[in-house]
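Participant: let's see this in three dimensions:
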Amino acid sequence: MSDVKTNVSYDETSDRLVIERVQDVEPYMEQAKSETAQGDFRKAGIIPFVILEAWIRVKGMTFSEFMRDRNACKRLLNDPDLSKFRVWKGRV
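Facilitator: Model (predicted):
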């Protein structure tokens, strides 16, 4: 994930350290648009790390929990808000 940039700052108002990860997701959307799902094994999508990280945070999961939960992966791939990252448009 060399294209993920991490910015760290201190917020004096809340007295907290703020960690922000930034990634240009446009190339991932373009790649998903240009690829085709073929054969028996179809690539469902191309999900950038920052999108995955934000999605599991909103769902209240850890990365480890996500990786163990096959249904969570299906929910992520079937999420209509992430359709621009889908290669194969069928339901997972």
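
Participant: tell me the contacts of Val18?
Facilitator: Applying C-beta atoms under 8 Å, 6 or more residues apart in numbering, we find Val18 in contact with 8-11. Quick note: C-beta positions are derived from backbone N, CA and C, even for glycine.

Participant: can you give me the strands in the chain?
Facilitator: In the chain, strands defined by DSSP state E lie at 5-11, 16-22, listed in chain order.

Participant: quick check: mean pLDDT across the last one?
Facilitator: Along strand 16-22, the predicted local confidence has a mean pLDDT of 93.

Participant: what pairs with that strand, and is each one parallel or antiparallel?
Facilitator: Strand 16-22 pairs in its sheet with strand 5-11 (antiparallel), by DSSP bridges.

Participant: please identify the buried residues of the strand it pairs with?
Facilitator: Neighbour counts over strand 5-11 (16 or more other C-beta atoms under 10 Å) mark no residue as buried.
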